[in-house]
Structures are given as C-alpha cells and as structure tokens.
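Visitor: turn this into a structure:
(one chain, ligands or ions: 1)
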Amino acid sequence: MKTDNILYENIDGIGLDEIQEEYGTFSGKISNGRNTVSMNENEKISAIANHFEGIMRVLGLDLNDDSLKGTPRRVAKMFVKEAFSGLDEKNKPEITLFENKYQYNKMIVEKGITLFSYCEHHFVPIIGKAHVAYISKGKVIGLSKINRLVQYYSNRPQLQERLTVQIAEALKKAIGTEDVAVLVDAVHLCVASRGIKDTSSSTITANYSGKFINEETKNEFLVLIK
Ligand SMILES: [Zn+2]
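Guide: Residues are numbered from 1 along each chain as shown. The predicted structure follows:
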C-alpha cells in the first residue's frame, strides 16, 4: 500500500484518500503491477484490447473471423471512452451555477434521468432511472449538469448503493447545500438475464440529507417523482 500512496500523491496533487473516496475499491493496477493511473487513453485501450483478445481465445473464438477480429479493440475503446470513462477524473463534468433570481426556495426536482451503469460483480449493465431533488440556498445548477453528474458516476463498474451516495455527495458539494435527495430505481441484468433470471424486479436505493430527512419533505419528493 505504501507504493500506491506515493504514486497516487503525484497525480495533480490528489491524495490517496480522495482517490479512494472517488473510486471506492478501484486499485489502479493491472496484472503486471504497472500503475494504470499513469497510462494515457491509447495505452489503456491497447492493454485492454490485448487482455480481451486473450479472453476470446480462451473461449475458442476465431480471431481471424472478419466479424470478430475488430472486437477486442472495439470493446477496449468502449470501456475506456464510454462505459468506464467515469474512472478518469478528467471526464468529471464542469458544474455551472446560476443565481437563484426568483428566490425560489422550494424543492427543485429532476426526475427520470436515464441511467446506464455496470454491475462491478458481473460487468453486465444496470439500467434505470435516477430522480434527484434539492432545495436552493441561493444558487441553482444547470439542469443538464445533473444528468452529466449521474452519467459520470454511472460510467464505472458500480454498486447501486455507492452510485446513489456518490451522486448525492457530488451534488451537495456542487450546489453548496445539504438539502439533497437522490433515488435510483434500476434493473440489474445480472439478476434479470442470468442467475435467478428475475425480469420483473428492480432495486431502489435512496439517499436523503438535510431538509429531506424531514418526513414531510421526503414524502413531497416521493409524490412528485411518482
Ligand atoms: Zn451483478
């Protein structure tokens, strides 16, 4: 762990604690012991393509097949640039705040935000909706920025519980208020398409803080997102 500490501290002044808070269990290492944080996007894509090609070979797939030969690189690009782009700090959305000119001091709700993530246990999709609300303390956030924050934290191998908390914490920090509610309702393909094969259940996780801990405020939010 000592070496990790030193390496991480060299990255744009981000300390280990912050990295762990941001990435959870992400170790930033690949099998040859190289620290992936120092790799650029193209190096990551090449490394992942090699590994994925290995997986395909073990499965007995013909890498000379026209339809399959581009797959390792295609998958690697998708991992780095899309599906897991949220592991890279530089993709964190810039948050724009506006003055709350109308002194609107009720809750602002954005419901039904499309959410695509990946279960970190099986690497299969989590598909759902995020519902977010906050009460302004003087500043309001550009609405599409909430979608972008949801996307950023979703584009990682995730646990729904952690994802919910990360969205809430990022919003609190961005808007400068504790009065935030986040509810995620999602289907996990590891439950729907394999294992127990339950296609009708979904998982709900919620995080309430500040004024939303109050039953009345929480219920107002729950009624609004119905
Ligand atoms: Zn899973």
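Visitor: going by C-alpha atoms from here, please, whenever you check contacts or count neighbours.
Guide: Fine.
Visitor: just the element for Leu115, please.
Guide: strand 107-119 (DSSP states H and E).
Visitor: how does the protein divide up, domain by domain?
Guide: Domains of the chain are assigned by automatic domain parsing as 2-90, 98-224.
Visitor: endpoints of the last one, how far apart?
Guide: By that I understand domain 98-224. 24 Å (Cα to Cα, to the nearest Å).
Visitor: quick check: residues of this structure near the ion?
Guide: 119, 121-122, 190 (Cα under 5 Å from the ion).
Visitor: in the biggest helix by length in the chain, which residues are buried?
Guide: Identified as the longest helix of the chain according to DSSP state H is helix 41-58. For helix 41-58, the neighbour count (16 or more other Cα atoms under 10 Å) marks 41, 44-45, 47-49, 52-53 as buried.
Visitor: that older thread, pick out the shakiest of the domains of the chain, pLDDT-wise.
Guide: The minimum mean pLDDT among the domains of the chain belongs to domain 2-90 (a mean of 75).
Visitor: Leu97 bridge partners, please.
Guide: As for beta bridges, Leu97 partners with Ile141 under DSSP bridges.
Visitor: is it true that it touches Lys139?
Guide: Yes - with contacts counted by Cα atoms under 8 Å, Leu97 reaches Lys139, the gap being 6.1 Å.
Visitor: which one's more surrounded, the two?
Guide: Per other Cα atoms under 10 Å, whichever of Leu97 and Lys139 has more neighbours is Lys139, with 19 against 15.
Visitor: residues touching the more buried one, list them.
Guide: 97-100, 175 (Cα atoms under 8 Å, 6 or more residues apart in numbering).
Visitor: that one and the ion: what is the separation?
Guide: 38 Å (Cα to the ion, to the nearest Å).
Visitor: sorry, back to before: what lies in contact with whatever helix or strand comes next after the strand holding Leu115?
Guide: Per DSSP H and E, the first helix or strand lying C-terminal to strand 107-119 is strand 125-135. Strand 125-135 is contacted by residues 105-119, 150, 177, 179-190, 221, 225 when judged by Cα under 8 Å, 6+ apart.
Visitor: now with 7 Å, please.
Guide: Residues outside strand 125-135 that contact it (Cα atoms under 7 Å, 6 or more residues apart in numbering) are 105-119, 179-189, 225.
Visitor: and the residue lying farthest from the centre of the chain, what element?
Guide: Distance from the centre of the chain peaks at Asn64, with 34.9 Å (Cα atoms, centre = their mean). For Asn64, there is no enclosing helix or strand under DSSP H and E.
Visitor: for it, what are its contacts?
Guide: Residues counted as contacts of Asn64 (Cα under 7 Å, 6+ apart): none.
Visitor: against Thr71, how distant is it?
Guide: 11 Å.
Visitor: same thing with Lys77?
Guide: Going from Lys77 to Thr71 by Cα to Cα gives 10 Å.
Visitor: looking at those two, which is more packed in?
Guide: More neighbours surround Lys77 than the other of Lys77 and Thr71, with 21 against 16 (other Cα under 10 Å).
Visitor: how about that one, nearest residue that isn't a chain neighbour?
Guide: Among residues not flanking Lys77 along the chain, Ile45 sits closest, at 5.7 Å (Cα to Cα, 6 or more residues apart in numbering).
Visitor: can you classify Val187 as helix, strand or coil?
Guide: At Val187 the chain is in strand, as set by DSSP: H, G, I helix; E, B strand; the rest coil.
Visitor: number of nearby residues for it?
Guide: 20.
Visitor: which residues in the chain form helices?
Guide: Using DSSP H, helices in the chain cover 2-9, 16-23, 41-58, 71-77, 143-154, 160-175, 189-192, 215-224.
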